[in-house]
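Engineer: Everything below, folded, please.
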Amino acid sequence: MNKEQIDDALTYKIIGCAMKVHSTLGNGFQEVMYQRALAIEMKKMNWIL
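Structural biologist: Numbering: from 1, shown residues only. Below is the predicted model of the structure:
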């Protein structure tokens with residue numbers, strides 16, 4: 001797997017997490033709420049500590 005393929009796969013996963021957060025929360029929240037929800041989603045995927 002080359003760097004471009006790795007970047008594409010990572011981008012796909014990040015966008016997937018962001019879409020899941022947005023579809024769950026919807027519109028109208030402050031940015032910090034989306035940031036926190038995205039961090040939680042990424043923790044579920046074991047991407048961050």
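Engineer: Cross-check the contact I'm expecting between residue 38 and residue 21.
Structural biologist: Yes: look at residue 38 against residue 21 with Cβ atoms under 8 Å: they come within range, at 5.2 Å. C-betas here are computed from N, CA, C, even on glycine.
Engineer: helices or strands up against the host helix or strand of residue 34?
Structural biologist: When elements are assigned from DSSP states H and E, residue 34 belongs to helix 31-44. For helix 31-44, the elements it packs on are helix 3-25, judged by 3 or more Cβ pairs under 8 Å, 6 or more residues apart in numbering; DSSP states H and E.
Engineer: Give me the contact list for the helix it packs on.
Structural biologist: Outside helix 3-25, the residues within contact range by Cβ atoms under 8 Å, 6 or more residues apart in numbering are 1, 33, 34, 37, 38, 41, 42, 45, 47.
Engineer: Just the buried residues of those residues.
Structural biologist: 37, 38, 41, 42 (16 or more other Cβ atoms under 10 Å).
Engineer: Now residue 26: phi and psi?
Structural biologist: phi 80, psi -160 (degrees, to the nearest 10).
Engineer: picking up where we left off before, next one: the helix holding residue 34 to chain centre, how far?
Structural biologist: Helix 31-44 sits 7 Å away from the centroid of its parent chain (Cα atoms, centre = their mean, to the nearest Å).
Engineer: Run the angle between it and helix 3-25 for me.
Structural biologist: Per axes from the mean of the first three to the mean of the last three Cα atoms, to 10 degrees, the angle that helix 31-44 makes with helix 3-25 is 120 degrees.
Engineer: okay, the buried ones among the contacts of helix 3-25 in JSON lines with pLDDT and distance to residue 12 next?
Structural biologist: JSON lines is the format used below for the buried ones among the contacts of helix 3-25 (pLDDT from 0 to 100; distance: Cβ to Cβ, whole Å):
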{"residue": "37", "pLDDT": "96", "distance to residue 12": "19"}
{"residue": "38", "pLDDT": "95", "distance to residue 12": "15"}
{"residue": "41", "pLDDT": "92", "distance to residue 12": "14"}
{"residue": "42", "pLDDT": "91", "distance to residue 12": "14"}
